[in-house]
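Novice: One predicted model, sequence on top.
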Amino acid sequence: MIQKANNQKQVLIVDDEPALTQMLTMLLETRGFTVNIATSGREAIEKAGSSLDLILLDLVLPDLEGFEICRRLKEEKGTRHIPIIILTAKYLSQDKVEGLYLGADDYLTKPFDHEELFARMEAVMRRRSLLHKNSGNGEGNIILELRKIISKEMIVPFFQPIYLLKPFKLYGFEVLSRPRTDSILSNPELLFKAAIRYGLYCDLEILSWRNALKNIARNIKDEKIFLNCNPYLIEGPKFVEVQQIFEESGVNIDNVVLEITERSAISDFKAFYELLRKFRNQGFRFAIDDVGGGYASIESIVEVRPEVVKIDRHIISNLHNDPYKKSIVKFIVSFCHENKILSIAEGIETRIDLETVRDLGVDAAQGYYLYRPSPDITSEEIRKPLPAAIVSV
C-alpha cells in the first residue's frame, strides 16, 4: 500500500506497457506528482490506498480486466474515494459507459494529448475534493440523496427565454433543472457531477427531460426547446428511451435542440458524432454551447454541424470594452451567417451587453437582463414586448 510521504499528489499508473509508463512517469514527475506503477491488476489492488490522489487505469492487463479493478476499488471503503481515469487503446462507447457506471471518473483513448490528460486529472481531483469538502455526512449519503431525488422525482424544470434580436421576439427556452433538496446536491452543477460520478447520470437527465416535457406540452407550441445533453447520455444504452419520452409527451422533436455539454468527456470525436447523425435523422437539432471558451473547439463545430452556436458568457462579459473579444464575436457571427447557423449570446447582464451583441450581428440572446430562469412559462411577461427602451436597441 502506498503511503504519502509529503504534500505531493500521489498517482498510481496501472499499465503493463513499459514505454507508456516511463513516458507518463517522466511527464507527471515534471509536474510535481509522485508516481507509482502497477503492471497487473493484483499489484494495483495491493498498492491502492487512502493516500492516493488519482489512478490512471489501463483496461487490458495480464491478469484482471481494468473494469474488474475499477469495480473492486470502488466497492472498498478505503479506496472508493480515489478518482480513476481509464486509459485504453480502443474506443467503444459501451466500454466507456460500463467504466463510468462502475465508478470511473473519466475516460481517455490512447494516444492522448498530454495537456488534455493533465487538464482532466486536475478536473477529476478538484471535483472529488469539492464533493468531499461539502459532504459532511460522507459519500454514502450523497448516493442515497441522489437515489432519493430520482425515485421521488425531486427535479423542478426552470425555463430561460431566448429572444431573437431583429426583430425582437421570443424564439425559445433553455431548460434548466433545479433539485428540490436542502442538501449539498441543491447545487445543480454538483448534482449532475455527482450523478456522473456514481453512475446515475442517465437516470437523472431522463427524469429532468420528462418533467420538463410535461410542462412544455401544456404550454409551448412553436418555440424551440433547448435541452442540455451530456455525451454520457448519447453514448449510453438509455438514450434509446429518449424517442419514447417525446412520443409520450406529444412534443414535436422538430422543435427540440439538444445542447451538447461537457465536450471534454468525448474521447473519440468521430465515433461520437457518428451517433449524433442518427439522432438528427430522427428530427433532433443540435447546439454547441460556450463557443469561444472551454472545450468548444472548431473540431466540435465541424463534426456536429450544429444548427445553433451559443457564444460563451465569458466572451460576452465586458465585450463593449474589449477589442479582442469583439474580434472573436465578429468571427463567430461571420462564420454562422455564412453557414446558416443561428448565433446566440449567453449571459446578457446589462443593456450595453445587449446593444453590443446586436450591433455585432448576433442573431439572438439570453440572460438575466432579458429574463431570469423561471418555473413559470405561462407568464405574459415572457412573450410580450419588453419596454420600449430595451426593444429600441
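Specialist: Yes, it's here. Numbering: from 1, shown residues only.

Novice: Can you give me the domain boundaries for this protein?
Specialist: Domains of the chain are assigned by automatic domain parsing as 10-133, 145-391.

Novice: could I get those domains as a markdown table with mean pLDDT?
Specialist: Shown next, in a markdown table, are these (pLDDT from 0 to 100):
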| stretch | mean pLDDT |
| --- | --- |
| domain 10-133 | 82 |
| domain 145-391 | 86 |
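
Novice: Format these as a markdown table; extra columns: mean neighbour count.
Specialist: C-betas here are computed from N, CA, C, even on glycine. Below are the domains of the chain laid out as a markdown table (neighbours: other Cβ atoms under 10 Å):
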| stretch | mean neighbour count |
| --- | --- |
| domain 10-133 | 18 |
| domain 145-391 | 18 |
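
Novice: Touching, residue 335 and residue 329? I think so.
Specialist: No - using Cβ atoms under 8 Å as the test, residue 335 is too far from residue 329 to be in contact (10.7 Å).

Novice: in the stretch 151-300 of the chain, which spans are helices?
Specialist: For the stretch 151-300 of the chain, the helices defined by DSSP state H, counting those that start in this stretch cover 188-197, 201-219, 231-235, 241-249, 269-282, 298-304.

Novice: Would you mind giving those as JSON lines with distance to residue 12 added?
Specialist: Shown next, in JSON lines, are those (distance: least, Cβ to Cβ, whole Å):
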{"stretch": "helix 188-197", "distance to residue 12": "19"}
{"stretch": "helix 201-219", "distance to residue 12": "25"}
{"stretch": "helix 231-235", "distance to residue 12": "25"}
{"stretch": "helix 241-249", "distance to residue 12": "37"}
{"stretch": "helix 269-282", "distance to residue 12": "28"}
{"stretch": "helix 298-304", "distance to residue 12": "31"}
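
Novice: Give the closest residue to residue 368 in space, chain neighbours not counted.
Specialist: In this structure, residue 368 finds its nearest non-sequential neighbour in residue 349, 5.7 Å apart by Cβ to Cβ, 6 or more residues apart in numbering.

Novice: Against residue 356, how distant is the one you found?
Specialist: Computed with Cβ to Cβ, to the nearest Å, the distance linking residue 349 and residue 356 is 12 Å.

Novice: re earlier: backbone phi and psi for the residue nearest to residue 368, please?
Specialist: Main-chain torsions, residue 349, degrees, to the nearest 10: phi -110, psi -20.

Novice: which residues does it contact?
Specialist: Residue 349 makes contact with 317, 367-369, according to Cβ atoms under 8 Å, 6 or more residues apart in numbering.

Novice: redo that, cut-off 10 Å
Specialist: Contact analysis of residue 349 by Cβ atoms under 10 Å, 6 or more residues apart in numbering lists 313, 316-318, 367-370.

Novice: Next, residue 341: phi, psi?
Specialist: With angles defined as degrees, to the nearest 10, residue 341 sits at phi -110, psi 140.
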